[in-house]
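Q: Generate coordinates for the sequence data below:
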Amino acid sequence: MASSSSSLLFSVFILFSILFLASCSKDNIPATITIPLTSTFTSKPLASASLSRAHHLKHGKTSPPVKTSLFPHSYGGHSISLSFGTPPQKLSFLVDTGSDVVWAPCTTDYTCTNCSFSAADPKKVPIFDPKLSSSSKILDCRNPKCVSTYFPYVHLGCPRCNGNSKHCSYACPYSTQYGTGASSGYFLLENLKFPRKTIRNFLLGCTTSAARELSSDALAGFGRSMFSLPIQMGVKKFAYCLNSHDYDDTRNSGKLILDYRDGKTKGLSYTPFLKSPPASAFYYHLGVKDIKIGNKLLRIPSKYLAPGSDGRSGVIIDSGYGGAGYMTGPVFFKIVTNELKKQMSKYRRSLEAETQTGLTPCYNFTGHKSIKIPPLIYQFRGGANMVVPGKNYFGISPEESLACFLMDTNGTNALEITPDPSIILGNSQHVDYYVEYDLKNDRFGFRRQTC
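A: The predicted structure is shown next:
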């Protein structure tokens with residue numbers, strides 16, 4: 001989900017602000033495309049579009065992967081640089097597996113309502129200017145790609161276009177909603193350029209207005225629909241490795257790999273993706289059997305672990321959701337935090353930090369050399385286990401002897417955005433994990449490694 005839960009973002013910002021102040025007192029196609037990742041701190045809730053992906057994975061000979069740098073940012077997200085147009089115009093795009101449209105601000109009249117990024121002056125937001133590109137084409141209403149269909153959270157098409165009506169010559173409009181954020185505009189067909197590869201007629205959202213964004217970055221949806229970047233590129237799988245950072249804008253980058261090759265990757269544990277219901281089809285639902293804190297099995301009712309036919313519930317992984325992620329209230333309060341409090345009872349609760357940040361529980365471990373936080377363990381169908389260390393789901397300041405649980409339980413439900421998953425694995429939970437989304441074989445792979 002591209003736009004994160006602003007409540008969690010604000011809480012983490014407050015927490016780290018307190019700690020900081022205290023401490024100062026089909027051309028030639030490579031088989032893989034690898035892109036550097038940059039990070040940003042966001043939490044977000046959702047968007048969804050249902051379509052089978054098989055026929056979008058057509059390509060000729062196997063090509064080498066495309067690799068690019070992936071950078072972390074202070075708002076909790078991770079971004080890549082992408083170049084669209086002729087000549088290429090380079091912009092920073094948030095990598096978001098919880099949404100599916102690829103879009104960029106495209107006009108100096110771009111407006112961003114209730115946006116919270118610093119210096120949120122729309123006139124200063126980097127834009128893609130189609131007027132400066134000789135390859136830019138407006139997708140009009142007659143184009144078959146402008147289907148007059150309402151996908152969950154993505155609306156496009158020209159309802160008044162009948163036959164040769166004058167309305168059919170208009171640009172194909174789109175609007176999309178993802179978590180707390182939203183954007184709208186029209187679609188372009190444009191060239192997406194990598195050093196050794198060009199994707200022609202890429203469907204790019206030319207965004208004229210947005211709402212509740214946490215960053216001035218454009219957005220690259222990586223979800224399971226025809227609009228997303230990996231589906232449009234026809235890759236068989238993509239992978240990334242997020243590097244650790246303290247919600248800053250460090251230039252240390254991880255890697256994003258866009259891979260046209262099939263087969264298992266050495267050293268990965270795999271679990272199949274669940275089939276998502278139409279209402280939440282673009283999410284990557286994980287088949288979680290059980291969750292443990294340390295050695296203690298949590299008795300989470302099965303209705304929260306698998307998506308219902310209405311698209312609600314289930315567990316998803318979301319690279320665009322900053323912090324540890326999200327848990328629905330009954331799971332968060334009645335099960336998870338209760339067990340954390342039992343296992344960490346030797347440390348003193350910091351009610352002051354909880355009041356200031358809105359996070360819970362928080363602990364002051366003054367008098368202890370360190371704080372021991374039990375791992376959060378996801379037991380997947382097929383036998384794979386993901387062990388999330390405490391540092392990945394707690395915010396910890398050794399200088400202040402303070403630690404807070406970085407899980408959100410307000411963002412989605414508070415805004416009544418549906419369908420809601422019950423649990424979201426936010427990006428900090430898979431920091432220092434190599435994670436792979438195998439689109440061809442419908443499975444999720446992972447291994448621990450330093451990114």
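
Q: just the helices in the stretch 251-400 of the chain please.
A: If you assign secondary structure with DSSP state H, counting those that start in this stretch, the helices in the stretch 251-400 of the chain sit at 329-331, 337-343, 351-357, 390-393.

Q: and the first one, how far from the chain's centre?
A: When you say that, I think you mean helix 329-331. The chain centroid and the centroid of helix 329-331 are separated by 22 Å under C-alpha atoms, centre = their mean, to the nearest Å.

Q: so what secondary structure elements neighbour it?
A: Helix 329-331 makes packing contacts with no helix or strand when contacts are defined by 3 or more C-beta pairs under 8 Å, 6 or more residues apart in numbering; DSSP states H and E. Just so you know, the C-beta spots here come from the backbone N, C-alpha and C atoms, and that holds for glycine as well.

Q: Can I get stretch 268-281 in PDB, CA atoms only?
A: Listed next in PDB are the C-alpha coordinates belonging to stretch 268-281 (Å, rounded to 0.1, in the frame of the first residue of the first chain):
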ATOM      1  CA  LEU A 268      15.600 -19.700  -0.400                       C
ATOM      2  CA  SER A 269      12.700 -21.200   1.600                       C
ATOM      3  CA  TYR A 270       9.400 -21.100  -0.300                       C
ATOM      4  CA  THR A 271       5.800 -20.900   0.500                       C
ATOM      5  CA  PRO A 272       2.900 -20.700  -2.000                       C
ATOM      6  CA  PHE A 273       0.900 -17.500  -2.400                       C
ATOM      7  CA  LEU A 274      -2.700 -18.000  -1.500                       C
ATOM      8  CA  LYS A 275      -5.200 -17.300  -4.300                       C
ATOM      9  CA  SER A 276      -6.600 -13.900  -3.600                       C
ATOM     10  CA  PRO A 277     -10.400 -13.200  -3.900                       C
ATOM     11  CA  PRO A 278     -11.400 -10.700  -6.600                       C
ATOM     12  CA  ALA A 279     -11.900  -7.900  -4.100                       C
ATOM     13  CA  SER A 280      -8.300  -8.100  -3.100                       C
ATOM     14  CA  ALA A 281      -6.700  -9.800  -6.100                       C
END
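
Q: What average pLDDT does that stretch get?
A: Mean per-residue pLDDT for stretch 268-281: 90.

Q: Can you list the buried residues in it?
A: Buried residues in stretch 268-281, counting neighbours by 16 or more other C-beta atoms under 10 Å, are found at 268, 270-274, 276-277, 279-281.

Q: My guess is Pro272 contacts Gly287. True?
A: Yes. The pair Pro272 and Gly287 qualifies as a contact (C-beta atoms under 8 Å) at a distance of 6.0 Å.

Q: what residues do these two have in common as contacts?
A: 381-382 (C-beta atoms under 8 Å, 6 or more residues apart in numbering).

Q: returning to what we had before: farthest-separated two in the buried residues of stretch 268-281?
A: When those are compared pair by pair using C-beta to C-beta, the farthest-apart members prove to be Leu268 and Ala279, with a separation of 29.9 Å.

Q: Downstream of the helix or strand bottoming out on mean pLDDT in the chain, the next helix or strand is which one?
A: Among the helical and strand segments of the chain, the one scoring lowest on mean pLDDT, DSSP states H and E is helix 411-415, with a mean of 39. Proceeding N to C from helix 411-415, the next assigned helix or strand is strand 423-425, under DSSP states H and E.

Q: shouldn't Val288 be in contact with Leu305?
A: Yes. Val288 sits in contact with Leu305 when judged by C-beta under 8 Å, with a separation of 5.1 Å.

Q: which residues are common contacts for the two?
A: Both Val288 and Leu305 are contacted by 315, 423, under the criterion C-beta under 8 Å, 6+ apart.

Q: Any figure for the gap between Thr357 and Lys372?
A: In this structure, Thr357 lies at 21 Å from Lys372, with C-beta to C-beta, to the nearest Å as the measure.

Q: The two: which is more packed in?
A: Using other C-beta atoms under 10 Å, the more surrounded residue of Thr357 and Lys372 is Thr357, with 24 against 12.

Q: What sits closest to the residue most central in space within the chain if chain neighbours are left out?
A: The chain has Gly320 as the residue nearest its centroid, 2.2 Å off, counting by C-alpha atoms, centre = their mean. Using C-beta to C-beta, 6 or more residues apart in numbering and skipping residues adjacent in sequence, the residue nearest Gly320 is Asp96, 3.3 Å away.

Q: cool, and Met386?
A: Taking C-beta to C-beta, 6+ apart as the measure, Met386 lies nearest to Tyr378, with 4.5 Å between them; neighbours along the chain are not counted.

Q: Tell me the bridge partners for the one you found.
A: According to DSSP bridges, Ile291, Met386 are recorded as the beta-bridge partners of Tyr378.

Q: Just the pLDDT for it.
A: The per-residue confidence score, pLDDT, reads 97 for Tyr378.

Q: Surely it and Ile423 touch.
A: No. Contact between Tyr378 and Ile423 fails when scored by C-beta under 8 Å: they sit 9.2 Å apart.

Q: winner for burial among the helices of the stretch 251-400 of the chain?
A: The highest mean neighbour count among the helices of the stretch 251-400 of the chain belongs to helix 390-393 (a mean of 20), with neighbours defined as mean count of other C-beta atoms under 10 Å.

Q: What is the distance between it and the centre of its chain?
A: The offset between the C-alpha centroid of helix 390-393 and the centroid of the whole chain comes to 18 Å, using C-alpha atoms, centre = their mean.

Q: any idea how far the helix or strand harbouring Ala182 is from the chain center?
A: Ala182 is part of strand 181-194, with elements assigned from DSSP H and E. Between the centre of strand 181-194 and the centre of its host chain there is 18 Å, according to C-alpha atoms, centre = their mean.

Q: Which secondary structure elements does it sit against?
A: The helices and strands touching strand 181-194, judged by 3+ C-beta pairs under 8 Å, 6+ apart, are strand 76-84, strand 137-138, strand 173-178, strand 197-211.

Q: Out of the ones you listed, which is closest to Gly390?
A: Closest to Gly390 of those, according to C-beta to C-beta: strand 76-84, at 18.2 Å.

Q: In this structure Ile199 contacts Leu189, no?
A: No. Here Ile199 does not reach Leu189: they are 10.7 Å apart, not a contact under C-beta under 8 Å.

Q: so where is this structure shaky, pLDDT-wise?
A: For the chain, the stretches with pLDDT under 70 are 1-30, 37-62, 117-122, 147-154, 162-164, 166-167, 245-251, 410-419.

Q: burial measure for Val435, as a count.
A: If we define neighbours as other C-beta under 10 Å, then Val435 has 21 of them.
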